[in-house]
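In: would you be able to build a 3D model of this:
(one chain, ligands or ions: 1)
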Amino acid sequence: MKNAISRRKFFYKTVGISAGALVLPTIAGFKFQEKSGGIKPMIITSHANDLGQKAMETGWEILRNGGSAVDAIEKAANVIELDPEDTSVGYGGLPNERGVVQLDASYMDGKTYSAGAVACLENIKTPASVAKLVMQHTDHVLLVGAGALEFAKAWGFQEENILTEKARKIWLRWKEEMSPTDDWGAPEHIQNLQKKESYWRDFPDIEHHYGTTNVLAIDMNGDIAGCTTTSGLSFKLNGRVGDSPIIGAGLYVDNEVGAAGATGRGEDVIKSCASYYMVLKMKEGRAPQQACEDALKMIIEHYKIVNPDYYPSEKFVAINKYGETGCATMKGNRNPQMSVMTSKGYSRYEGIIAFQGK
Ligand code: GLY
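Out: Predicted structure coming up:
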């Protein structure tokens, strides 16, 4: 996404604001630990909409019944992946430039220091589940393309058409408007007579470009796990892999520290190893909120050398082993949010915009 804002100021606030919108009651008759060991169980996702809440409720059911963080995040991520209306993750995700949906996902288990991931996976609705199987049933970390599909099919996943009509129409509109010099779009003699409309204006509610989701959880035993899943950059080059399936970039988990995940321009997140950096910062004593902001600042510092006006679009989320949360975005008009579910119910945590337009 091009950055039109020429000068921005870094707002280095240290504390995010919890919106604290509790919408679910505390579950009766269940003992939760919230003192020296911190808040557990808990689960968060970077999806702060109704779908994110539904995902949290699904993951929470597993955690509150004593299930593992590893299992809870899968079921939560699947809710988002399987929703055909969400154009940034799984089924319904926007395709690449050829009109093919290629999905990326990663998984990490803090307890066993295990990780698994898939990239450019086609025809499977739930890449997070495949990434989990790579983690649990192979000695590898990352499978790509045809190999990832073969692995998924061996585990019984069904190949399906995951390009929804909605996503296909958006892709076609994009093709028509991408270039004034190709032959897509209305016939030349009519083109100038037609009102030129942006394809984004036709689909104002879709999350485009880099939409992704992170799901991070701590279970009753204090074990931490995370996953990141996405359809990646919309209309990307065939075969492009973003940060989401790269351990240390789109996701990192350390049972002794916490977990972090990234959404946004994957190319920056890969170069900066941003999720690993956030966990490292928390290990050094930074709060999750500070760690998110530290990672954004680190990216900007690198770009200052070549282009001081460049601010890519990233959103980071983090939790530490005490159940503290953080969320920050590089830029935007609204403070970033994430969904949080604990024994106190569902809430939306509001983070900060690290760089404000001047
Ligand atoms: N962060 C998602 C992507 O760049 O693919």
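
In: and the end-to-end length of stretch 331-351?
Out: Length of stretch 331-351, first residue to last, C-alpha to C-alpha, to the nearest Å: 12 Å.

In: report the distance from that stretch to the chain centre.
Out: The chain centre lies 14 Å from the centre of stretch 331-351; the measure is C-alpha atoms, centre = their mean, to the nearest Å.

In: cool, stretch 268-276 as well?
Out: Mean C-alpha position of stretch 268-276 versus that of the full chain (C-alpha atoms, centre = their mean) differs by 13 Å.

In: who's in contact with it?
Out: Contacts to stretch 268-276, defined as C-beta atoms under 8 Å, 6 or more residues apart in numbering, come from residues 242-243, 246, 248-252, 260-262, 295, 298-299, 302, 312, 314, 316. (C-beta placed from N, C-alpha, C; glycine too.)

In: roughly how far does residue 225 sit from residue 90?
Out: Remark: distance between residue 225 and residue 90 (C-beta to C-beta, to the nearest Å) = 19 Å.

In: returning to what we had before: just the buried residues of the contacts of stretch 268-276.
Out: Buried subset of these (neighbour count, 16 or more other C-beta atoms under 10 Å): 242-243, 246, 248-252, 260-262, 295, 299, 312, 314, 316.

In: near the ligand too, which of these?
Out: Among the buried ones among the contacts of stretch 268-276, the ones lying near the ligand by C-beta under 6 Å from any ligand atom are 242, 243.

In: restricted to strands, list the buried ones among the contacts of stretch 268-276.
Out: Using DSSP state E, the members of the buried ones among the contacts of stretch 268-276 that fall in strands are 251, 252, 260, 261, 262, 314, 316.

In: can you show me the CA trace of the host helix or strand of residue 217 as CSV?
Out: Taking DSSP states H and E as the criterion, residue 217 maps to strand 212-218. C-alpha atoms of strand 212-218 as CSV (Å, rounded to 0.1, in the frame of the first residue of the first chain):
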residue,chain,number,x,y,z
THR,A,212,-4.4,-11.6,8.5
THR,A,213,-5.2,-13.0,11.9
ASN,A,214,-3.1,-13.9,14.9
VAL,A,215,-4.5,-16.1,17.7
LEU,A,216,-2.5,-16.4,21.0
ALA,A,217,-3.4,-18.3,24.1
ILE,A,218,-2.3,-19.3,27.6
